[in-house]
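[1] Sequence and predicted structure below; questions after.
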Number of protein chains: 2
Amino acid sequence: MKWDDVGNQACSVARTMAVIGDRWTMLILRNAFMGTRRFDHFQLQLSVTRHVLSERLKRLVDAGIFRKEAYKPNRYEYRLTQMGRDLYPVLLAVTAWGDTWLDEGRGAPLVFQHKGCGEMMTPTLVCSECGEKVTASDVIPMAGPGLQALPGSK
Amino acid sequence: MKWDDVGNQACSVARTMAVIGDRWTMLILRNAFMGTRRFDHFQLQLSVTRHVLSERLKRLVDAGIFRKEAYKPNRYEYRLTQMGRDLYPVLLAVTAWGDTWLDEGRGAPLVFQHKGCGEMMTPTLVCSECGEKVTASDVIPMAGPGLQALPGSK
DNA sequence: GCGCTAAGTTTCATTTTGGAACTTGATGGC
DNA sequence: GCCATCAAGTTCCAAAATGAAACTTAGCGC
């Protein structure tokens, strides 16, 4: 199967991966959340080739995750839209997992202070209804309204 | 920069992406959470080539996300380890984003019932300390113990 | 022992990367 | 005004990864 087809599946994971499911894209987003906006800055900070960076930014703009804006004639910057900012929980979940499982005993490279309460926080996933922490075995996935075809897998 | 190098950065996002940051890998994990365990089942459900599937499963086993176990002589299944199960919040965060932004008016393909309270839930990211919902602007990232070098970006 | 099944491996053409140089349209200095 | 510079890409090519499909290998069922 090709990736264009994967994006058409009735699965939010597949559709999301068709947009952001690539290594560089996540790192681009990470840096965007840290304040990076310009082509050359992304390129330098990430050491990604200009070629790939160009293609990824284009895709993210098309998807509506970045807005490309001229900050002076012929010079552009890439700013997260609301759609893009909404990816923060994904980044945080990824970070939390990496901190837990890949730190090699060194501790988290970054820690997060929550403005609201002032404490250092661990991003935690909870049920929207009862506020309880959620793990894989606490959840029953069920067919929702957006499901068309279900070959046991999608 | 090559991907092996990216995995060595002092950044949990980069390190995590070096392991799971690839489109197929996320879909493999999605299906693993839905109960899939065997090579041919993954292959059929995902329509990924056997070639790529083989390589990805190998990497996930090496990383410690799957455990490869013989269920009879010469037949194996891939089961999530605790490290693997801990990726569930990432999957849920991805799903929640896709449900919000990519459903094209059709509604979520899958909905999640929380066993604890019985309600249909939206996975929500909160601060571990105060329980408040967290967005990008609520958080201040700061250097943590695992940070060695910080070229403004990593 | 024959055919089936599961779990891969191999082969090869096509696509995608990585690396590096080239292009283009403002500025900025003098 | 004119030359140098800088930012934001594009182009080119070799190397690596992917997709598609056929092939391999070992145990099972009968």
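    Thanks, I have the structure now.
[2] isn't A:Y78 right up against A:A70?
    No: if you go by CB atoms under 8 Å, A:Y78 and A:A70 don't touch, sitting 11.3 Å apart. No exception for glycine: its C-beta is placed from N, CA and C like everyone else's.
[3] Just want to know which of those two has more residues nearby.
    Neighbours per residue (other CB atoms under 10 Å in any protein chain shown) separate A:Y78 from A:A70, with A:Y78 holding more: 21 against 9.
[4] secondary structure class for that one?
    Using DSSP: H, G, I helix; E, B strand; the rest coil, the structure places A:Y78 in strand.
[5] Give me the pLDDT value at A:F66.
    At A:F66, the model reports a pLDDT of 98.
[6] Wait, it touches A:F33, no?
    No: A:F66 lies out of contact with A:F33 (CB under 8 Å); the separation is 11.9 Å.
[7] Overlap in contacts, these two.
    By CB atoms under 8 Å, 6 or more residues apart in numbering or on different chains, A:F66 and A:F33 have these common neighbours: A:L80.
[8] Where does pLDDT dip in chain A?
    Within chain A, the segments meeting pLDDT under 70 span A:148-154.
[9] Around DNA strand C, pick out the residues from it.
    Within chain A, the positions near DNA strand C by CB under 7 Å from any atom of the strand are A:3, A:22, A:24, A:47-52, A:55, A:72-75.
[10] Helices - which of the residues you listed land there?
    A:3, A:24, A:50-52, A:55 (DSSP state H).
[11] Mind telling me what element the residue nearest to A:P89 when sequence neighbours are not counted is part of?
    Counting by CB to CB, 6 or more residues apart in numbering or on different chains, A:P89 lies nearest to B:L125, which is 4.0 Å off, once chain neighbours are set aside. Per DSSP states H and E: B:L125 is located in strand B:123-127.
[12] Quick check on the residue lying farthest from the centre of chain A: phi, psi?
    Here chain A reaches farthest from its C-alpha mean at A:P73, the gap being 30.1 Å by CA atoms, centre = their mean. Note on A:P73: its backbone torsions stand at phi -50, psi 130 [degrees, to the nearest 10].
[13] How is chain A partitioned into domains?
    A:3-85, A:88-138 (automatic domain parsing).
[14] can you list those domains in JSON lines and add distance to B:E119?
    Below are the domains of chain A laid out as JSON lines (distance: least, CB to CB, whole Å):
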{"stretch": "domain A:3-85", "distance to B:E119": "19"}
{"stretch": "domain A:88-138", "distance to B:E119": "4"}
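[15] A:G64: neighbouring residues, count only.
    So A:G64, with other CB under 10 Å, has 14 neighbours.
[16] Neighbours of the spatially closest residue to it that is not a sequence neighbour, how many?
    Counting by CB to CB, 6+ apart, A:G64 lies nearest to A:M83, which is 4.9 Å off, once chain neighbours are set aside. Using other CB under 10 Å, A:M83 has 18 neighbouring residues.
[17] quick one, which of A:F66 and A:F33 is more surrounded?
    A:F66 (24 against 19).
[18] Tell me what the more buried one is bridged to.
    In this entry, A:F66 is beta-bridged to A:L80, by DSSP bridges.
[19] Over to the one 4 residues further on?
    Under DSSP bridges, the beta-bridge partners of A:A70 are A:Y76.
[20] That one touches A:Y76, doesn't it?
    Yes: contact criterion CB under 8 Å: A:A70 and A:Y76 qualify, at 5.5 Å.
[21] Give the buried residues for stretch A:127-142.
    Going by neighbour count (16 or more other CB atoms under 10 Å in any protein chain shown), the buried part of stretch A:127-142 is A:127-129, A:134, A:136, A:138-139.
[22] Would you state the strands of chain A in chain order?
    All strands of chain A, identified by DSSP state E, fall at A:66-72, A:75-80, A:110-114, A:120-121, A:123-127, A:139-143.
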